[in-house]
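In: one predicted model, sequence on top.
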Amino acid sequence: MQGVYTPAQIAERLNVSTTTLRRYEEQGLIPEVLRSEGNHRIYTTVHLRAFTTIRLLLAGYEIPVVYEVMRRIKEGSVTEALWLINHQLYLIQEEKQRVEELLTLIREADFRSYKNRKLTEAMTIGKVAELAGVNPSAIRHWEKEGLVTSIRHPENGYRIFSVPELRKILVISSLRKTIYYIENLREILNDLEAMRFSKIDRSFQIALEKLNQKLLIQYQGIAELMAYIQCLS
């Protein structure tokens with residue numbers, strides 16, 4: 001016979017509020033919940049497993065991804081849910097490769113191309129955004145914070161970025177998820193300009209360590225997800 005739990009029992013077990021549990025239920029992330037004669041929620045072992053899965057997935061994945069995965073599973077579309085998770089693993093692998101490759105690239109004195117694209121001393125914000133894999137709005141924000149600098153085209157007034165500024169943008173885009181404070185990023189960019197590569201090496205090593213930690217957490221979530229799927233079958 002399946003175990004039966006009150007919302008308070010599961011909330012205490014997972015160190016969350018009962019309001020959080022209700023929100024997950026309202027978002028359609030867990031199996032349907034029966035009610036007692038007194039209209040109290042009756043959570044079972046399956047619900048406990050579902051809630052546990054949500055909490056572990058949220059530690060390693062973005063909220064929209066977790067919610068979509070759980071909804072797909074509730075609908076019975078397990079394979080589609082697993083492909084969504086698989087894509088997230090691909091993204092973290094891609095990010096790791098980017099961080100590893102970028103350290104080598106920024107050290108090159110002759111930095112005339114990137115991603116098979118020829119670089120010039122007069123690149124538009126659209127081009128540098130495409131090369132860095134970020135939105136132009138992010139670059140404008142970094143410029144406002146004083147992290148990067150552009151000049152204005154004399155005829156149309158568009159922002160123009162040089163190769164050294166592109167290097168800065170590439171570093172920011174690669175480290176922004178692990179280096180949270182603007183002042184720390186500014187210090188790293190100063191090291192880049194002064195060619196103090198040993199300090200930059202350490203920053204990139206920290207980024208890689210955090211990616212390794214994130215990967216471990218993601219797989220812990222996957223293990224719980226597979227147990228939940230097994231519980232449903």
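Out: Ah, there it is. Every value quoted in this text rests on a predicted model; they were computed, and no experiment measured them.
In: give me the sheet partners of the helix or strand of the chain with the lowest mean pLDDT and which way each runs.
Out: When the helices and strands of the chain are scored by mean pLDDT, DSSP states H and E, strand 113-114 comes last with a mean of 79. Using DSSP bridges, the strands paired with strand 113-114 in its sheet are strand 117-118 (antiparallel).
In: how distant is the least confident helix or strand of the chain from the center of its chain?
Out: Mean C-alpha position of strand 113-114 versus that of the full chain (CA atoms, centre = their mean, to the nearest Å) differs by 26 Å.
In: buried ones in the lengthiest helix in the chain?
Out: Counting residues, the longest helix in the chain under DSSP state H turns out to be helix 197-232. Judged by neighbour count (16 or more other CB atoms under 10 Å), helix 197-232 contains these buried residues: 200, 203-204, 207-208, 211, 214, 217-218, 221-222, 224-225, 228, 231. (Glycine included, C-beta is placed from N, CA and C.)
In: what does the least confident helix or strand of the chain rub up against?
Out: 105, 119, 131, 166, 170 (CB atoms under 8 Å, 6 or more residues apart in numbering).
In: then stretch 165-183?
Out: 98-99, 102, 105-106, 111, 114, 119, 123, 128, 131-134, 138-139, 142, 145, 147-150, 161, 185, 188-189, 192, 200, 203-204, 206-207, 210-211.
In: count of neighbours near residue 104?
Out: 8 (other CB atoms under 10 Å).
In: helix/strand/coil for the residue sitting furthest away from the middle of the chain?
Out: The centre of the chain is farthest from one residue, residue 37, which by CA atoms, centre = their mean lies 43.5 Å away. Classification of residue 37 by DSSP: H, G, I helix; E, B strand; the rest coil places it in coil.
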